[in-house]
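> Please find the sequence and the predicted model below.
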2 protein chains.
Amino acid sequence: MDTVGTASIHFSAVAGRSSLADIARLAGVSLATASRAMSNSYGVAPATRARVLRIAEELDYVVSPEASRLARGAVGRVALVVPHVDRWFFGAVIGGLEAELSDAGLDVLLYHVGDADDRRDFFHRLPARRKVDAVVVVAFEVADAERERLERMGVLVVAAGGQDEVYPGVRIDDREAGRRAVDHLLFLGHRRIGMISAVDPDQPVAARPHGRDQAYHDALRDAGLPIDDELVVTIEWSGVAAADAMAALLSLRSPPTAVYCHSDELALGAIRTIRRAGLRVPEDLSVIGVDDHPLAELTDLTTVAQPARDQGVRAAHLLLARLRGQGSPQHVVLPTRLVIRRSTAPPREV
Amino acid sequence: MDTVGTASIHFSAVAGRSSLADIARLAGVSLATASRAMSNSYGVAPATRARVLRIAEELDYVVSPEASRLARGAVGRVALVVPHVDRWFFGAVIGGLEAELSDAGLDVLLYHVGDADDRRDFFHRLPARRKVDAVVVVAFEVADAERERLERMGVLVVAAGGQDEVYPGVRIDDREAGRRAVDHLLFLGHRRIGMISAVDPDQPVAARPHGRDQAYHDALRDAGLPIDDELVVTIEWSGVAAADAMAALLSLRSPPTAVYCHSDELALGAIRTIRRAGLRVPEDLSVIGVDDHPLAELTDLTTVAQPARDQGVRAAHLLLARLRGQGSPQHVVLPTRLVIRRSTAPPREV
């Protein structure tokens, strides 16, 4: 590289006069390619982009984000709307989304909508400010009024995780996941199976029956077993609440021999109570979860695994295909699988 | 409200002619207040902002983000740079930051810098594009070359979590946390204490001894006990790796009677191995962690709690104070505390 030339350009850059044309010339690329490399658009070879960026850096060149944006006809940002950030499932989905979107040169805006106020605020504000090219709703159902606001905004909406049926998206089949769990308990010989079922009180769309609930009813019905309402406890998504729910099940005259929990965190709460009662898992009581949380492996929990990060990755692919005007499926349903560890076994002989 | 007036303005809005002045007039506020409310700046009463936003909504008024930004002399965005998004601690810190920053009207950009490539890419790209008002580094140490790039960018940098000493920030005292853990084991009567120590191989700044390591050495020295290198196993931050590390400790001729783990996840991995060996926690072996991960409560793990979400909240306060030109401390160190559960006990009589 002509260091003398660079140095003199550098001087002019300090004086505020370096331009994209200088960079293109020094990098030996067209102005269009230099622009694409700086704005991180698609279609520039990594080596070329690296060279352009290195030269831009030497020139202390500062891109105007607005200018770069105008060149692409898009703001280059995607909003992730999430009801939780400190729970494993949501973090893993966000991680998958962020990796793919940032690789594609998009910036990721994070909006946590933890409760009804946050949600109202978010949906209220976003349409008034056209600052994203797309919105990803991470594992929650969008209410009708919110849907209307998103439509008014006129941006692409994609769902990652959750059971939204309206937007294109990626998810698992909760009913299938639940069936795998309950059918496994039935296969082991359990006939008195409890369920610790979770709902999210902050989510306005709670009326529709949850697939993981339906699975329990379907499986027992198919096995010719009655539904005993005593054996179902519905709580919030909280391991501590699940510990209490398990105590309620153990307070029955005839407790279950196995418990199906809607998540691994709930299952761990249930196991704590079982152990505190002086009982052993799985010898005295079997417990199964859903998720395959990283700590399920460490706690030897039998569970139905769902690919969390992959739901984010695949949702990002779907989003990028649509932003590029390419065809993409409306719904992608990723498979779940039973992971057998040490929290389930046949029921004790009585 | 004068609905006739609103309706006629609404018509003109559809025709593209509604202005901020229309909104200000209908809301009965000054143009400056209307502008601040729309751009979500500080100093507008919530009720006033709600009124302005409602009217803007009725008018289908669309703010130009650039115009609003220019009015504030800032882009209204903060970048969170995080080495992990799917681990509890990082998710909790991000949650605290997001809550406070979005309440203050700032948008949060999320950058995951998982490995050396991501980091290079992030630090390479960011300075060339002036798109944030501040950068928050979440629980990692910034290398010298990266520091230089941040400085060139000329934005405020704040550290949330981690042990960075250069930037203003909020953290715990890792050495204090470790002392609480090891001193508790010593108090219980343990004399042969193992340590499962973790390092992050993707973080370039690994040379400086970690406070949680130092604490172990300090505590044993103060107790007049020798350091036995056999009793220290250094691994990555992974529960599965900790399970293997625990197996290594159990392969010694004289294993420890208690193990201090750098995190709760490591502690759970260690406990899995102890149980698989047919030993009981805490009767045969005590295990203590650091964090107070939500699942520590469910698994009855004794640990040293750190306030994760609060490190994010307080870092956001520090950042906002500095953006507003108010004074703020350089470093905030939040307290840790011992949480005694059921994974620690005095050593067995031998």
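Noted; the coordinates are in hand.

> Considering only helices and strands, which part of chain A has the lowest mean pLDDT?
Across the helices and strands of chain A, mean confidence by mean pLDDT, DSSP states H and E is lowest for helix A:3-14: a mean of 29.

> Please give the element, helix or strand, for A:Lys131.
A:Lys131 is located outside every helix and strand, with elements delineated by DSSP states H and E.

> Run a quick neighbour tally on it.
Applying other Cβ atoms under 10 Å in any protein chain shown, we find 21 residues neighbouring A:Lys131. The C-beta positions use only the backbone N, C-alpha and C, and glycine is treated the same way.

> Do I have it right that it meets A:Val78?
No: using Cβ atoms under 8 Å, A:Lys131 is not in contact with A:Val78; the gap is 10.5 Å.

> what sits in contact with each of those two?
The contact sets of A:Lys131 and A:Val78 overlap at A:Leu109 (Cβ atoms under 8 Å, 6 or more residues apart in numbering or on different chains).

> Which positions in the stretch 151-300 of chain A make contact with chain B?
The stretch 151-300 of chain A has residues A:152, A:239-240, A:243, A:265, A:268-269, A:271-272, A:275, A:294-295, A:297-300 near chain B, with proximity defined as Cβ under 8 Å from any Cβ of the partner chain.

> Which of those sits closest to B:Arg280?
A:Arg275 (11.6 Å; Cβ to Cβ).

> wait, doesn't that closest one sit right on A:Pro282?
No: applying Cβ under 8 Å, one finds A:Arg275 not in contact with A:Pro282, separated by 11.8 Å.

> And the two? Which one has more around it.
Counted by other Cβ under 10 Å, A:Arg275 and A:Pro282 do not tie: A:Pro282 has more neighbours, with 23 against 16.

> May I see the buried residues of stretch A:158-174?
By 16 or more other Cβ atoms under 10 Å in any protein chain shown, the buried positions in stretch A:158-174 come out as A:158-164, A:167-174.

> Could you look up the next helix or strand downstream of the least confident helix or strand of chain A?
Assigned by DSSP H and E, the successor of helix A:3-14 is helix A:20-27.

> quick one: average pLDDT of that next one?
Averaged across helix A:20-27, pLDDT comes to 76.

> separation between the nearest residue to A:Ala223 once chain neighbours are set aside and chain B?
Distances taken as Cβ to Cβ, 6 or more residues apart in numbering or on different chains place A:Leu186 nearest to A:Ala223, at 5.1 Å, with adjacent residues excluded. Distance, A:Leu186 to chain B, using Cβ to the nearest Cβ, to the nearest Å: 26 Å.

> got any ranges where chain A has weak pLDDT?
Across chain A, the ranges flagged by pLDDT under 70 are A:1-20, A:32, A:35-43, A:56-73, A:126-130, A:202-209, A:350.

> Now with 80, please.
Low-confidence segments of chain A (pLDDT under 80): A:1-25, A:30-50, A:52-74, A:116, A:124-131, A:152-154, A:163-165, A:200-209, A:349-350.

> Mind telling me which residue is nearest the centre of it?
Residue closest to the average C-alpha location in chain A (Cα atoms, centre = their mean): A:Val93, at 2.9 Å.

> Surely A:Val75 is in a helix?
No: per DSSP: H, G, I helix; E, B strand; the rest coil, A:Val75 lies outside any helix segment and is coil.

> Out of the residues of the stretch 151-300 of chain A next to chain B, which end up buried?
A:239-240, A:243, A:265, A:268-269, A:271-272, A:275, A:294-295, A:297-300.

> that older thread, give me every residue that touches the residue nearest to the centre of chain A.
Each residue near A:Val93 by Cβ under 8 Å, 6+ apart is listed here: A:82, A:138-139, A:160-161, A:308-309, A:311-312, A:315.

> do A:Ile196 as well
A:233, A:235, A:242, A:245-246, A:249, A:259-262, A:266-267, A:270.

> What about the residues you listed, which are in helices?
Residues from those lying in helices, with DSSP state H as the criterion: A:242, A:245-246, A:249, A:266-267, A:270.

> Dump the residues you listed to CSV, plus neighbour count.
As requested, these are exported to CSV (neighbours: other Cβ atoms under 10 Å in any protein chain shown):
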residue, neighbour count
A:Ala242, 31
A:Ala245, 26
A:Met246, 29
A:Leu249, 21
A:Leu266, 32
A:Ala267, 32
A:Ala270, 32
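
> Give the single residue among the residues you listed positioned nearest to A:Phe89.
A:Leu266 (12.5 Å).

> ok, the closest one touching A:Thr234?
No: in this structure, A:Leu266 is not within contact of A:Thr234 by Cβ under 8 Å, at 11.1 Å.

> residues shared between the contacts of the two?
Common contacts of A:Leu266 and A:Thr234 (Cβ under 8 Å, 6+ apart): A:Ala198.
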